[in-house]
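> Everything below, folded, please.
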Amino acid sequence: MISDAGPIGSANIGSACGIFDAEGRVLLVHHTYGRHNWEIPGGIALPGESPMDAARRELEEETSIRADDGELTGVYFEPGHDFGPMLHFVFRFQAPLERPEPQPPEIDGLGWFPIEDLPSPISDFTERRIRDALLERGVFAVVSGRQWRE
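Predicted coordinates for the structure are as follows:
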């Protein structure tokens, strides 16, 4: 037992959703801010909000889809995130029965894309989370920096 370990720090919590249709395409949203990039639906958890609840809330806020609980597929620690250290949780959800709709002002477009033909701009981190969400096992990784495909 270590009695003098002290605090281990704190991190923000981010949650995102990997949603795949019957054809194996992934649902992506197009942001109206920052790099105006394509991304899996998600965002930062509110104080006291669980990662799952944050993922479901963000999914509805960005696409109008209401989802049941998803399956945790990955946890990623990003110590150098712009908002400070970040723990990103990714959940795989069933494809919705209802049609997703982009929700302005944050999201101005969305679509279903084949994994081998993702739109740009998109980050390598987003591409990795999409691939990892298809695996049958959970992933933990440390993320340092992002590369962008423009």
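> can you pull the contacts of Pro100?
27, 63-65, 110 (C-beta atoms under 8 Å, 6 or more residues apart in numbering). For the C-beta atoms, the positions are set from N, CA and C on the backbone; glycine is no exception.
> Could you identify the most distant pair in the residues you listed?
Within those, Leu27 and Ser64 form the most distant pair, 11.9 Å apart (C-beta to C-beta).
> Compare these two (neighbour count), which wins?
Ranked by neighbour count (other C-beta atoms under 10 Å), Leu27 and Ser64 place Leu27 first, with 23 against 16.
> Please tell me how far that one sits from Gly84.
28 Å (C-beta to C-beta, to the nearest Å).
> what does Ala141 give?
Note on Ala141: its distance to Gly84, by C-beta to C-beta, is 18 Å.
> what about the two, which has more around it?
Ala141 (15 against 12).
> Please look at that one and Gly74 and confirm they touch.
Yes - using C-beta atoms under 8 Å, Ala141 makes contact with Gly74 at a distance of 7.3 Å.
> so Asp82 is in which element?
Asp82 belongs to no helix or strand when elements are defined using DSSP states H and E.
> That one - how many residues pack around it?
7.
> Same question for the one 5 residues further on.
Applying other C-beta under 10 Å, we find 17 residues neighbouring Leu87.
> Helix, strand or coil: sort out it for me.
Secondary structure, DSSP: H, G, I helix; E, B strand; the rest coil: Leu87 is strand.
> Contact partners for the residue nearest to Pro51 when sequence neighbours are not counted?
Counting by C-beta to C-beta, 6 or more residues apart in numbering, Pro51 lies nearest to Phe89, which is 3.9 Å off, once chain neighbours are set aside. Going by C-beta under 8 Å, 6+ apart, Phe89 touches 13-16, 51-52, 54-55, 72, 74-75.
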